[in-house]
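here's a sequence, model it:
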Amino acid sequence: MSVTDLSILGMLRTRMQWHQTRQKLIAENVANADMPGFKPRDLANPEIGRPGGALAQPAGAATGGGLAVTNAAHIGPAGGPEGPGADPRRVKGFEIRPSGNGVNLEEEMMKAGENQADYQMAASLYQKSLDTLKIAIGKR
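Numbers count the residues shown, from 1 in each chain. The predicted model follows:
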């Protein structure tokens, strides 16, 4: 069994690759911020259960995960979309300019910063795991 076959290292390697791919998509969104008709893209979070991080809907698009209101007399979810557990950074809907472009530069920059921090954390954990293995086999 190779050291690189350990599940923790494989998981961290996969996570870092996911963050690299997401960073490329965020950079494409920023680069096309002035292109008419461009819709921003993002990767689905692999923790949600989408294997391989398949491409998600355009940022801010409804995914159909909420409750359907079939009658106006029904009681809605507690607190609405801004209720408990809601992400305060989440925008109610993405803005579309008259040219049809849906890129919000501020939102993309926030995503890029969060993505970079998450990548750095995964890279740091990967390095610490390798250091621990080196100590365990007496190479340090």
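
could you find the closest non-adjacent residue to residue 22?
Once flanking residues are discounted, residue 22 sits nearest to residue 43: 4.6 Å by C-beta to C-beta, 6 or more residues apart in numbering. Every C-beta, even on glycine, is put in place using the N, C-alpha and C of the backbone.

separation between that neighbour and residue 72?
Residue 43 is 37 Å from residue 72, where distance means C-beta to C-beta, to the nearest Å.

poorly predicted segments of the protein, please.
1, 3-4, 48-69, 75-95, 140 (pLDDT under 70).

tell me where it has helices.
7-31, 105-137 (DSSP state H).

need the contact partners of the shortest one.
Just to be clear, that refers to helix 7-31. Helix 7-31 has contacts (C-beta atoms under 8 Å, 6 or more residues apart in numbering) with 3-4, 38, 40-43, 46, 53, 59, 103, 105, 108-109, 111-112, 115-116, 118-119, 122-123, 125-126, 129-130.

one more pass at 7 Å, please.
Helix 7-31 is contacted from outside by 40-43, 46, 53, 103, 105, 108, 111-112, 115, 118-119, 122-123, 125-126, 129, using C-beta atoms under 7 Å, 6 or more residues apart in numbering.

return the set of buried residues in that helix.
Neighbour-count burial for helix 7-31, counted by 16 or more other C-beta atoms under 10 Å, picks out 9, 12, 15-16, 18-19, 22-23, 25-26, 29.

list just the nearest of these to residue 135.
Using C-beta to C-beta, residue 9 is the member of the buried residues of helix 7-31 that sits closest to residue 135, with 15.2 Å.

from residue 27, how far out is the closest one?
27 Å.

one step back: burial of the residue nearest to residue 22, as a residue count?
By other C-beta atoms under 10 Å, 20 other residues sit near residue 43.
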